[in-house]
Structures are given as C-alpha cells and as structure tokens.
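Engineer: heads up, no residue letters with this:
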Ligand SMILES: Cc1cc2nc3c(=O)[nH]c(=O)nc-3n(C[C@H](O)[C@H](O)[C@H](O)COP(=O)(O)O)c2cc1C
C-alpha cells in the first residue's frame, strides 16, 4: 500500500494565493477577463464542465480562453478515470495551467452523475481519478472539496480523504469550509446553512503542511483574506467576486507585486472597452458581458443608476459599445 509522504513543490510555485472560485453561470471567459483587468496574478477557475460535455460536445468552444487569462484552471466534473484522463490531456493541450476536479458540488443533477460532493464518500475512486489524470497530464491536478458530507463530517473522514487523494498525486486542495447535505438542502442553501468551519481546515493544514491548502467560503473583504493567509496557502473568493469585483483591484499590490498599479473603477472600464468591442465584432451579445460589470461600482454613489442603465439597455437588439460608454459617462457624472 502506498503511503502519503508529502511533496517538495512550494505553495508559492503553485500560485494559489488568491483564486477566483469556479461558478456555473458566472465564471465564463468574459468574467474571467474582466477580473484579470484588475488582477494579473489571481488564479482564475472556469465554470465546472462535465467530462461528458467536454469529450462529446463542442470541445473547442468549451475550452476557448483569452491568452491574458493565465494563470487559469479548468474545473471538471466527473468520476470516470479514463474520461477524466482524456480531459486532463485536453486541458494541458489547450494550455490550461491546472485541472481541478469538483468534489464539492451538492446539486442533485451532479449527484445523479456520481460526481461533485458525493465523491467525498468514495476516496478511493477519487484517488483513481486523480492518478489517471496525473499519469497523462503535465499540468497540476487539484481537487476542490468540502469539510464533509451528511453525517460523514468528522475530521478523520476529511483527513483520510485528503491523504488518499494526495497519495494519488494531488498536491493542492481547495476546501470549502462547510459540509454539504446531499438531501434536503438546495445548492444555494448548502452555501449558506452549514456553518463555516475554518478551524477544521486549519487543522488540515497543520497536519499536511506540505500540501497547498486553499480555504474557501464566506470570504468577503481584504481584511478577511489577510487573516486567512496567515493560516493558509491561499484564499478562494466566490460570490463576493460577483457582488463586488473591484475587490480584486488591490490584490496584486498587496500579495504579488508592491509596484503593481491599482486601477480606478473607471480606468477598469476604459481598459475593458477594447475587449468588449472585439467580442461584439465576433457576435457576442453585449448583455452577456455587461452582466459581469453590474457590481463594479458597488458601494459608490450612482450605483443603482449604473445597474439599471446597463440592465435596461444592454439586452436591446443591436446594443453596442455606446451603451457601455454612456453608462460610464453617467456614473462619472455622479461618482
Ligand atoms: C452561482 C454559483 C455557481 C457555482 N458553481 C460552482 C462550480 O461550478 N464548481 C464549484 O466547485 N463550485 C461552484 N460554486 C461554489 C463556489 O465555487 C464556492 O465554493 C462557494 O460559493 C463558496 O464560496 P464563497 O462563499 O466565496 O461564495 C458555485 C457557487 C455559486 C454561487
């Protein structure tokens, strides 16, 4: 039997200090590019893509991304080692920097496919999946999971899961510091109802010091990031990135490069215009991009006008870059 012996890759080399969480319906390539304008170094995660969709669907379209998005991780959902290995090979071929296996999503659709959070109950299967991916892929294979599921929420259960998966070759874990209930709670409730157990994740980091442990769940401020980075190798931000993307504007200067520029909100918009113009020319509807900017002026005077203007005008037939320019002028007038 193999035993876990640790690894020598330094957490810094893995570059997980600040991560944007994978979020279905949000972290598409447009949102990732938008966040990238504010932070060069934040590690970005795609929405979860199932192995079946990737292998049997429009692979090129699913895996497309902008060069500026690096460092970029592809999150995959699945539990079939051979399929996952093919996905890992594709992720590396397309130039992703990491492939991340979803072992934390509790939705019923995902459970019926035998992946997501229910995989926490099958550490050996996850280990096989990871080993299969590691065997064929030159990029790191990581796992995103929870502190437990259902009644299997003891620290020993979590540690045994992590140990088994680490032996298989996973050196970085993203831990959502909540357990998940597989029955009775919706995915949304599973992000709010079970209490946050940062203490459990801290113990995991103490017991597995060689692993990269990224903490996720409920992190909403720079201060909270700062506190967590004392204990963990990295923090992953989900919902707050949608509600208040400008949170990322000060990340590089704080954590990666003291000389990095911090753009103002209107400078972010200015830098975004060429991208939006180009995507419009490729036929991407304006609203598909502007929805990601609704939170940019969170907390500023005029934010309601900004949101309303973008929401009302971006979806109109033929809506073009002038909508974004007008919205910018109007917020500049009141901000
Ligand atoms: C709309 C939405 C979609 C999500 N989709 C995914 C997903 O595709 N894969 C995943 O691992 N987690 C997904 N999550 C969970 C987040 O990655 C994250 O673990 C969770 O929101 C807790 O972090 P937060 O408190 O910073 O939001 C999703 C969360 C939200 C709000």
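Structural biologist: Nice, thanks for sending it over. Being a predicted model, the structure only gives us computed values, none of them experimental. Numbers count the residues shown, from 1 in each chain.
Engineer: all contacts plus neighbour counts: C-alpha atoms, from now on.
Structural biologist: Noted.
Engineer: how is whichever residue of the stretch 1-150 of the chain sits closest to the ligand assigned, secondary-structure-wise?
Structural biologist: Going by C-alpha to the nearest ligand atom, the ligand is nearest to residue 23 of the stretch 1-150 of the chain, at 3.2 Å. Following DSSP: H, G, I helix; E, B strand; the rest coil, the label given to residue 23 is coil.
Engineer: so who does it touch?
Structural biologist: Shown in contact with residue 23 (C-alpha atoms under 8 Å, 6 or more residues apart in numbering): 46-48, 238.
Engineer: can you do 10 Å?
Structural biologist: Shown in contact with residue 23 (C-alpha atoms under 10 Å, 6 or more residues apart in numbering): 45-48, 75, 238-239, 242.
Engineer: cool, and residue 135?
Structural biologist: If you count contacts by C-alpha under 10 Å, 6+ apart, then residue 135 has 85, 88-89, 168-169 around it.
Engineer: may I see the buried residues of the helix or strand encompassing it?
Structural biologist: If you go by DSSP states H and E, residue 135 is part of helix 123-136. Neighbour counts using 16 or more other C-alpha atoms under 10 Å place 123, 125-134 of helix 123-136 among the buried residues.
Engineer: now swap in stretch 103-118 and tell me
Structural biologist: Neighbour-count burial for stretch 103-118 flags 103-108, 110, 114-118 (criterion: 16+ other C-alpha under 10 Å).
Engineer: can you list the residues you listed in a markdown table and add pLDDT and secondary structure?
Structural biologist: Formatted as a markdown table, those follow (pLDDT from 0 to 100; DSSP: H, G, I helix; E, B strand; the rest coil):
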| residue | pLDDT | secondary structure |
| --- | --- | --- |
| 103 | 96 | strand |
| 104 | 94 | coil |
| 105 | 92 | coil |
| 106 | 90 | coil |
| 107 | 89 | coil |
| 108 | 85 | helix |
| 110 | 86 | helix |
| 114 | 86 | coil |
| 115 | 89 | coil |
| 116 | 92 | helix |
| 117 | 90 | helix |
| 118 | 94 | helix |
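Engineer: quick one, phi/psi of residue 179?
Structural biologist: phi -80, psi 170 (degrees, to the nearest 10).
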